[in-house]
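S.K.: Okay, here's the prediction I keep looking at, along with the sequence it came from:
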Amino acid sequence: MRIVSGIQPTGNLHLGNYLGAIRNWVKMQDEVTAGGGQSLYFLADLHAISQPHVPAELGENTREMVAALVACGIDPDRSVLFNQAQVPAHAELQWLLNGTARMGWLNRMTQWKDKAGKNREGASVALFTYPVLQAADVLLYQATHVPVGDDQKQHLELARDIAQKFNNDFASEAAPVFTLPEPIIPPEAARIMSLRDGSAKMSKSDPSDMSRINLTDDADAIMQKVKKAKTDPEPLPSDKGGLDGRPEAANLVGIYAAMSGQSVDAVLGQFGGEGFGRFKPALGELLVESLAPINARFLDLRADRESLDAILAKGALKARELAAPTLTAAYAALGLVRF
Ligand code: TYM
């Protein structure tokens, strides 16, 4: 079993990243390394340049994200933790896969449509070919499982399509070049929504900081954001069906369920019939209590820049070594001459 996943080092880690992906990264790291497999987690800094960014901030954001991941429980002695830019094989394999990926496949990506909006002519080529780099990220390591939130499912399906077509076109059935990866998406909290709008996902790019809980928020900020979260005037229902058509209520109950490790029905068993005046403080306290230890570790780790760089240096060495055989096989399958 080989687990691979990535996160863009743009801004803070938020509750959507944590509940949708990072918590699973930690769980799978523990399971897979106990069973003799391998987990690789990376900062997708090459993806981060597909949209306007501030070069002077990218390095700091990358190091901060390493500190945040380690604070959440990613152990650089057990997982390979690195940034893409230090492993040139990612960009190389993307080019090799560009010959296999189809324009029509990329045109159907909902993230491309959302991010490019109406201005497709003005969008960067990198934003369009972004999912091919994402395919390279996982195929390079023969990933068997990829823990992600629901919004990345379509990109993972594309990675499988690219792998399958490449294997069909350039390899024999007995010796495929790439493994087809399985997405691992959590049953609860696969899509955490904005605290200000139950129809938009919680995101780093939302201009309002009140729309998300950052893992670096202190207790006051968390309580305040939960208190101000958009809701409706009805009390909470006593079962899951009663949340239909109430996206904001469903989101807050979903967050409570995911954070406390209970089902949505169990949470409603406890809070059904109550108004938000009682539920919101309980949710705020649960979040403060759960995030406080992560926050404290993050602040300690962030201060030690040398250790963060050492983690990235060690991770890159290991990642380069693990990437080499697949990259060589892909070049050879395409008939490219290399000595
Ligand atoms: P990114 O940086 O946007 O998000 C990192 C992870 O967090 C999940 N996530 C969410 N889950 C639930 N609710 C939300 N509101 C929410 N927001 C984010 C994402 O699904 C993701 O798992 N393209 C990727 C990074 C990437 C990648 C990869 C992932 C690059 N190469 C290869 C997997 C495999 C991205 O931008 O994620």
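M.R.: Happy to help now that I have it. Numbering: from 1, shown residues only.

S.K.: so how far is the ligand from P183?
M.R.: According to CB to the nearest ligand atom, to the nearest Å, P183 and the ligand sit 9 Å apart. For every residue, glycine as well, the C-beta is placed using N, CA and C.

S.K.: just checking, that residue touches G149?
M.R.: No - assessed by CB atoms under 8 Å, P183 is found out of contact with G149, at 9.7 Å.

S.K.: Looking at these two, which has the bigger crowd around it?
M.R.: Remark: of P183 and G149, G149 carries more neighbours, 23 against 20, as counted by other CB atoms under 10 Å.

S.K.: close to the ligand, is stretch 319-335?
M.R.: No - figure legend: stretch 319-335 not in contact with the ligand (CB under 6 Å from any ligand atom); closest approach 13.0 Å.

S.K.: can you pull the buried residues of that stretch?
M.R.: A319, L322, A323, T326, L327, A329, A330, A333 (16 or more other CB atoms under 10 Å).

S.K.: CA atoms of it as CSV?
M.R.: What follows is stretch 319-335, C-alpha atoms only, in CSV (Å, rounded to 0.1, in the frame of the first residue of the first chain):
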residue,chain,number,x,y,z
ALA,A,319,11.0,11.4,-2.8
ARG,A,320,13.6,11.7,-5.6
GLU,A,321,14.8,8.2,-5.0
LEU,A,322,11.2,6.8,-4.9
ALA,A,323,10.2,8.7,-8.1
ALA,A,324,13.2,7.6,-10.2
PRO,A,325,12.1,4.1,-11.4
THR,A,326,8.6,5.2,-12.6
LEU,A,327,10.0,8.2,-14.4
THR,A,328,12.6,6.0,-16.1
ALA,A,329,9.9,3.5,-17.1
ALA,A,330,7.6,6.3,-18.5
TYR,A,331,10.5,7.7,-20.7
ALA,A,332,11.3,4.2,-21.9
ALA,A,333,7.7,3.3,-22.7
LEU,A,334,7.5,6.5,-24.9
GLY,A,335,10.6,5.5,-26.8
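
S.K.: and that stretch, what's its mean pLDDT?
M.R.: Averaged over stretch 319-335, pLDDT sits at 98.

S.K.: before we move on, what about stretch 150-160?
M.R.: pLDDT averaged over stretch 150-160 gives 97.

S.K.: Remind me what the one helix or strand W105 maps to packs against, helices and strands.
M.R.: Per DSSP states H and E, W105 falls inside helix 103-107. Under the contact definition 3 or more CB pairs under 8 Å, 6 or more residues apart in numbering; DSSP states H and E, helix 103-107 sits against helix 125-139, helix 153-170.

S.K.: Tell me the residues of the stretch 151-300 of the chain that contact the ligand?
M.R.: Neighbours of the ligand within the stretch 151-300 of the chain, by CB under 6 Å from any ligand atom: D151, Q152, A190, R191, I192, K201, M202, S203.

S.K.: thinking the last one is in contact with N214, fair?
M.R.: Going back to what we said before, that points to S203. No - using CB under 8 Å, S203 makes no contact with N214, being 11.8 Å away.

S.K.: where do the contact lists of the two overlap?
M.R.: When CB atoms under 8 Å, 6 or more residues apart in numbering defines a contact, the residues bordering S203 and N214 alike are H14.

S.K.: Compare the two (neighbour count), which wins?
M.R.: Using other CB under 10 Å, the more surrounded residue of S203 and N214 is N214, with 21 against 16.

S.K.: mind giving me the domain ranges of this structure?
M.R.: Domain assignment for the chain by automatic domain parsing gives 2-185+304-333, 209-300.

S.K.: Return the most buried member of those.
M.R.: A comparison of the domains of the chain by mean neighbour count, using mean count of other CB atoms under 10 Å, puts domain 2-185+304-333 on top with a mean of 18.

S.K.: Quick check: end-to-end length of it?
M.R.: 23 Å (CA to CA, to the nearest Å).

S.K.: and what of stretch 47-60?
M.R.: Length of stretch 47-60, first residue to last, CA to CA: 16 Å.

S.K.: Any chance you could list what contacts it?
M.R.: Outside stretch 47-60, the residues that touch it by CB under 8 Å, 6+ apart are 6, 8-10, 45, 61, 84, 115, 124, 126-127, 130, 133-134.

S.K.: how does it look with 7 Å?
M.R.: The contact list for stretch 47-60, computed with CB atoms under 7 Å, 6 or more residues apart in numbering, reads Q8, P9, T10, D45, S124, A126, L127, Y130, L133.

S.K.: So, low pLDDT: which residues of the stretch 51-200 of the chain?
M.R.: For the stretch 51-200 of the chain, no stretch is flagged by pLDDT under 70.

S.K.: Would you map the strands across it?
M.R.: Assigned by DSSP state E, counting those that start in this stretch, the strands in the stretch 51-200 of the chain fall at 80-83, 145-147, 182-184.

S.K.: ok, now which ones touch L43?
M.R.: Neighbour list for L43: I7, P9, T62, M65, V66, N83, Q84 [criterion: CB under 7 Å, 6+ apart].

S.K.: Same question for K227.
M.R.: By CB under 7 Å, 6+ apart, the residues touching K227 are K280, G284.
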